[in-house]
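[1] attaching a predicted model along with its sequence, questions to come.
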Amino acid sequence: MIEPFVHAPLPVRVIFGAGAVARLPEEVERLGGRRALVLSTPGRAAARAQELALSLRDRSAGLFAGAVMHTPVDVTEQALALVRERGVDTLVAFGGGSTTGLAKALALRLDLPQIVLPTTYAGSEMTPILGETSGGMKTTRSDPRILPETVIYDVELSLALPPAVAAVSGMNAIAHAAEALYARDRSPVIALLAEEGVRALAQALPGIVAHPEDRDARAAALYGAWLCGTCLGSVGMALHHKLCHVLGGTFGLPHAETHTAVLPHAIAYNAPAAPEAMARLAAALGVADAALGLHELAARLGAGRGLRDLGLPQAGVAQAVAQTLANPYWNPRPLAAEALTGLLERAWRGDPPASD
Ligand code: NAD
């Protein structure tokens, strides 16, 4: 039976293909840009970002290579000053979710168009969602101005992503699709994208870890990331994203690694309440049990670490449960303190998932 649904496609222009980065100047022009600022994280990415800025010739307003994880407001303010000083009219983000976050924060404040060239699989480029930190607090909001106008997926840009980062980043993308399958506002179209995204990533990630230079595997992962990011941008997220938000925001745990550690356990928690989603997820993963399959995939990728290895103190489990219950997201299975404690204790130790 087809359940009632609402589907509102995101107005993002997506360009996918090896060498697509060469289209950046014409895409800036297409948006009417005359002064485009390229954004990146510091370090190695900045050198490649500088080349992108140069490729824009007289439409370039230079480079800001100061993006950092969790989009701190003080960094956004530094970039804002530069944007104003140089009369920037277009933003070009080259990097992962951290760089995209900075572009989104600027676009929210100035309503400037954004072109994103993703180099990880976080999927942020496909969402109208922004998480910002200030004074140790992370707040998330959604606004149409935050959604990038154009995304250019070029496998060449992702080849330098270290396999260990690729692995957890891909698990982060799978988390978006997994929760989209049982989202309260799920739709048949998003479910199709979710299944295809999980299938692409589950096949590609082991290939990337074994052969980091494998272009086909890298391209398939980027394709999966696009689909999973679209899921995140289109429907509401549930327990898994709530737990990761709490763990990242309160304990400063690393984003993609935390998603990887929590996902099998959150899926096991929700399994009894969402049998159809579990069947579709398991089929996409090519396994009998979705939660166990995710646990084994993470282990195969060398990413199967417990939250304790990521820096969560044991006392943090009770605190995270309390925070999750204080301000919960909608979830298919009701949230109960005892069961959530069991979930997080298993995730803390890095044990296999179980549904109690
Ligand atoms: P990231 O952007 O922080 O990148 C991870 C690391 O990989 C960084 O050190 C970066 O410099 C490096 N890196 C990136 N691309 C590289 C490349 N091609 N070669 C070499 N090194 C490279 O990590 P991420 O997981 O993509 O993003 C995490 C951030 O994104 C978090 O702040 C998270 O909250 C946010 N996020 C937001 C959304 C959303 O929709 N709002 C979705 C997912 C993630």
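    Sure, I can see it. Numbering: from 1, shown residues only.
[2] please make it C-alpha for all contacts and neighbour counts, starting now.
    OK.
[3] what parts of the stretch 1-150 of the chain come near the ligand?
    By the rule Cα under 6 Å from any ligand atom, the part of the stretch 1-150 of the chain lying against the ligand is 41, 69-70, 95-99, 119-120, 122-124, 127, 129-131.
[4] filter those residues down to just the ones in strands.
    Taking DSSP state E as the definition of strands, these contribute G95, I129, L130, G131.
[5] tell me the least confident of the residues you listed?
    On pLDDT alone, G131 ranks lowest of those, at 93.
[6] quick check: closest non-adjacent residue to that one.
    Nearest non-adjacent residue to G131, counting by Cα to Cα, 6 or more residues apart in numbering: T140, 4.1 Å away.
[7] did I read that right, that neighbour in a helix?
    No. Per DSSP: H, G, I helix; E, B strand; the rest coil, T140 lies outside any helix segment and is strand.
[8] any stretches of the protein with poor pLDDT?
    356 (pLDDT under 70).
[9] how about the strands in it?
    Using DSSP E, the strands of the chain run over 13-16, 36-39, 60-64, 90-95, 114-118, 129-134, 137-142, 150-153.
[10] ok, which of these comes nearest L54?
    Closest approach to L54 among the strands of the chain is made by strand 60-64 (6.9 Å; Cα to Cα).
[11] that closest one pairs with which strands, parallel or anti?
    Strand pairing for strand 60-64, using DSSP bridges, gives strand 36-39 (parallel).
[12] for stretch 265-274, measure first residue to last.
    Stretch 265-274 has an end-to-end distance of 14 Å (Cα to Cα, to the nearest Å).
[13] who touches it?
    178, 182, 239-240, 278, 290-291, 332-333, 339, 343-344, 346-347, 352-356 (Cα atoms under 8 Å, 6 or more residues apart in numbering).
[14] now with 7 Å?
    Y182, L239, H240, M278, A291, P332, R333, L343, A347, P353, A354, S355 (Cα atoms under 7 Å, 6 or more residues apart in numbering).
[15] pull out the buried residues from it.
    For stretch 265-274, burial by neighbour count (16 or more other Cα atoms under 10 Å) applies to H265, A266, I267, A268, Y269, N270, A271, A274.
[16] next step: those residues restricted to helices.
    Here DSSP state H is the test, and these give H265, A266, I267, A268, Y269, N270 as lying in helices.
[17] pick the one among these closest to the ligand.
    The nearest member of these to the ligand, counting by Cα to the nearest ligand atom, is A266 at 17.4 Å.
[18] tell me the residues of the stretch 201-350 of the chain that contact the ligand?
    Residues of the stretch 201-350 of the chain lying near the ligand by Cα under 6 Å from any ligand atom: H255, A256.
[19] can you add distance to H255 and give the buried residues of stretch 265-274 back as CSV?
    Formatted as CSV, the buried residues of stretch 265-274 follow (distance: Cα to Cα, whole Å):
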residue, distance to H255
H265, 16
A266, 16
I267, 18
A268, 20
Y269, 21
N270, 21
A271, 24
A274, 26
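[20] so how many other residues sit close to whichever residue of the stretch 251-356 of the chain sits closest to the ligand?
    When scored by Cα to the nearest ligand atom, the stretch 251-356 of the chain has A256 as its residue closest to the ligand, at 5.1 Å. A256 has 23 neighbours, counted by other Cα atoms under 10 Å.
[21] how far away is the nearest residue to R86 once chain neighbours are set aside from V151?
    Spatial nearest neighbour of R86, chain neighbours left out: A61 (6.5 Å); criterion: Cα to Cα, 6+ apart. As judged by Cα to Cα, A61 and V151 stand 20 Å apart.
[22] in this structure, which residue sits furthest out from the middle?
    Relative to the mean C-alpha coordinate of the chain, counting by Cα atoms, centre = their mean, the farthest residue is D58 (32.6 Å).
[23] how near is that one to P353?
    Per Cα to Cα, D58 is found 55 Å from P353.
[24] check P11 too.
    37 Å.
[25] these two: who's more crowded?
    P353 (24 against 12).
[26] which phi and psi does the more buried one have?
    Main-chain dihedrals, P353, degrees, to the nearest 10: phi -70, psi 150.
[27] now the helices for this structure?
    Listed in chain order, the helices of the chain (DSSP H) span 24-30, 44-55, 73-85, 97-110, 155-158, 163-181, 188-210, 215-234, 239-251, 255-270, 275-285, 290-300, 316-326, 337-349.
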